[in-house]
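Colleague: Got a sequence here, can you model it:
(one chain, ligands or ions: 1)
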Amino acid sequence: MKQWENNVRAVTPYVPGEQPKQQGLIKLNTNENPYPPSPSVQQALGQMDAHSFRLYPDPEASQLTGAIADRYGVSERQVFVGVGSDDVLSLAFLTFFNGKKPILFPEITYSFYRVWATVYQIPFRCVPLDEQLHIRASDYVSAAGTVGGIVFPNPNAPTGAALSLADVEEIVRANRDVVVIVDEAYIDFGAKSALPLVETYDNLLVVQTFSKSRSMAGVRIGYAIGDERLIAYLKSVKESVNSYTMNMPSIVLGVAALEDERYFQETCAEIIRTRELVGQKLASMGFRFPQSQANFLFVTHPDYNAKELFLALRENNIYVRYFDQPGLRDYLRITIGTPEQMGQLIAFLEEYAARDGGGQRV
Ligand SMILES: *Cc1c(COP(=O)(O)O)cnc(C)c1O
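Modeller: Prediction:
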């Protein structure tokens, strides 16, 4: 240990899913959308003029916040944009979770929450899920008064299970003394958004992203919608860290994506349709999973060792996500791809089940 290491902010970082370089593999490990972004995005990209890059971008990204405000029927002053929702969530932790009481989030959830809480030195407490791997709203309601803030994804990740809008509202209403962040990264795949509640509850911040439902993970656009006061605080912190987070191309491409509502609706509907068909098929093969309202299924099988199945799939160029962590070791998270990709997954699983009379037994 070097002496200077005493002064280092040493952290254990979040580990994202693999991004393998080979072509032609079936990539179902990071919840990306299998469909390309809307043709309107490709068109806007073609019209981009590199000359404009000479100048700094608009620090407010107002073209994009304006387009998001129009799409969701809120005022522009209720919208904040960032470099993916990870950037937005990280800034929201820094801004709103500055109290002494612990913040609350589910024990099984997006693992970045723990990382941000640690790096920003925010005290936190994790709340277990129920036996069916669902968030129990009553745990967050009864904790009112003892917490410094609340954050959870809806639907939850990596389980895919969603809370009802009534449950989300109960949590927000019971905890009006703190900010409640609802991370709606997967909301467009079937669950009910808490956005209508932001008019009533000034302590609610809803965070969404272009990465999943709008097929633009590589462009990095996320946003938060909430009361004007919340958004003003968020902007002050962002402008104290980095004025120019949103680059010119992502502002322009984000606006273009929002222009094509029909394409967005159609691709989301296609993923939901595929999820339901794949779910039925997997259930018939003995897999179990919470009902998913996201673009992935969180599956377990009584006869298979999840890690061995994960490795066997990988060997066959089918990448899914395995979390080598307590409580998650018996599960695989499988992103919903195209019907063709899912057909290949099912074909492999059928072959796996037939091996030595039933795959790798536990
Ligand atoms: C994917 C994901 C995010 C982050 O997405 P960005 O690409 O940074 O917008 C945030 N929360 C959850 C739960 C996610 O699954």
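Colleague: Pick out the residue of this structure closest to the ligand.
Modeller: Closest residue of the chain to the ligand, CB to the nearest ligand atom: G84 (2.8 Å). Placement of C-beta: from N, CA and C, glycine included.
Colleague: what pLDDT does that residue get?
Modeller: Per-residue pLDDT puts G84 at 98.
Colleague: ok, now which ones touch it?
Modeller: By CB atoms under 8 Å, 6 or more residues apart in numbering, G84 lies in contact with 209, 211, 217, 220-222.
Colleague: Excluding covalently adjacent residues, which one is nearest to L282?
Modeller: Using CB to CB, 6 or more residues apart in numbering and skipping the chain neighbours, the partner closest in space to L282 is V299 (6.0 Å).
Colleague: Report whether that neighbour is found in a strand, as I expect.
Modeller: Yes. Under DSSP: H, G, I helix; E, B strand; the rest coil, V299 sits within a strand.
Colleague: For it, which residues count as its bridge partners?
Modeller: Following DSSP bridges, V299 is listed with bridge partners L332.
Colleague: Which parts of stretch 216-235 count as buried, going by neighbours?
Modeller: 216-217, 219-227, 230-231, 233-235 (16 or more other CB atoms under 10 Å).
Colleague: Just the ones in helices from those, please.
Modeller: Counting by DSSP state H, the part of the buried residues of stretch 216-235 found in helices is 230-231, 233-235.
Colleague: Adding distance to F152 as columns, could you present these in a markdown table?
Modeller: Output for these, formatted as a markdown table (distance: CB to CB, whole Å):
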| residue | distance to F152 |
| --- | --- |
| L230 | 17 |
| I231 | 20 |
| Y233 | 21 |
| L234 | 19 |
| K235 | 24 |
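Colleague: Would you reformat the residues you listed as a markdown table and include pLDDT and distance to the ligand?
Modeller: Shown next, in a markdown table, are those (pLDDT from 0 to 100; distance: CB to the nearest ligand atom, whole Å):
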| residue | pLDDT | distance to the ligand |
| --- | --- | --- |
| L230 | 98 | 18 |
| I231 | 98 | 18 |
| Y233 | 98 | 20 |
| L234 | 98 | 16 |
| K235 | 98 | 18 |
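Colleague: Now the two most distant members of the residues you listed.
Modeller: Maximum pairwise distance among these (CB to CB): 9.8 Å, between L230 and K235.
Colleague: that older thread, nearest to L328 among the buried residues of stretch 216-235?
Modeller: Proximity of those to L328 was ranked by CB to CB; the top entry is A217 with 22.3 Å.
Colleague: which one is that closest one nearest to, not counting chain neighbours?
Modeller: Spatially, and ignoring its direct neighbours in sequence, A217 is nearest to S211 (3.9 Å; CB to CB, 6+ apart).
Colleague: if we can go back for a sec, what's the residue nearest to L282 in contact with, if anything?
Modeller: The contact partners of V299, by CB under 8 Å, 6+ apart, come to 282, 287-289, 331-334.
Colleague: quick one: the residue lying closest to F124 once chain neighbours are set aside from G222, how far?
Modeller: Counting by CB to CB, 6+ apart, the nearest residue to F124 once its immediate chain neighbours are dropped is A117, at 4.2 Å. Separation of A117 from G222 (CB to CB, to the nearest Å): 19 Å.
Colleague: any low-confidence regions in the stretch 251-362 of the chain?
Modeller: 356-362 (pLDDT under 70).
Colleague: Could you work out the most separated pair of the buried residues of stretch 216-235?
Modeller: The span of the buried residues of stretch 216-235, defined through CB to CB, is set by A217 and D227 at 28.4 Å.
Colleague: Let me know the pLDDT of the residue nearest to F124.
Modeller: For A117, pLDDT reads 97.
Colleague: Does it touch I103 like I think?
Modeller: Yes. Between A117 and I103 there is a contact under CB atoms under 8 Å: 6.5 Å.
Colleague: which neighbours do these two share?
Modeller: Each of 97, 123-124 lies in contact with both A117 and I103 under the rule CB under 8 Å, 6+ apart.
Colleague: Select from the residues you listed the one having the most neighbours.
Modeller: F97 (24 neighbours; other CB atoms under 10 Å).
Colleague: What count of nearby residues applies to I336?
Modeller: If you count neighbours by other CB under 10 Å, I336 ends up with 28.
Colleague: got the contact list for it?
Modeller: Taking CB under 8 Å, 6+ apart as the contact definition, I336 lies against 28, 34, 271, 274-275, 278, 295-297, 342.
Colleague: Need the max-distance pair from those.
Modeller: Farthest pair in the contacts of I336 (CB to CB) is P34 and L297. Separation: 14.4 Å.
Colleague: So for those two, which residue has more residues nearby?
Modeller: Taking other CB under 10 Å, P34 and L297 do not tie; L297 has more neighbours (26 against 21).
Colleague: I figured the more buried one was touching L277, is that so?
Modeller: No. The criterion here is CB under 8 Å, and L297 misses it with L277 at 11.3 Å.
Colleague: what about burial for the contacts of I336, which qualify?
Modeller: Buried by 16+ other CB under 10 Å: 28, 34, 271, 274-275, 278, 295-297, 342, out of these.
Colleague: Does the residue positioned nearest the centre of the chain lie in a helix or a strand, and which?
Modeller: By CA atoms, centre = their mean, the mean C-alpha position of the chain lies nearest to A185, the distance being 3.6 Å. Using DSSP states H and E, A185 maps to neither a helix nor a strand.
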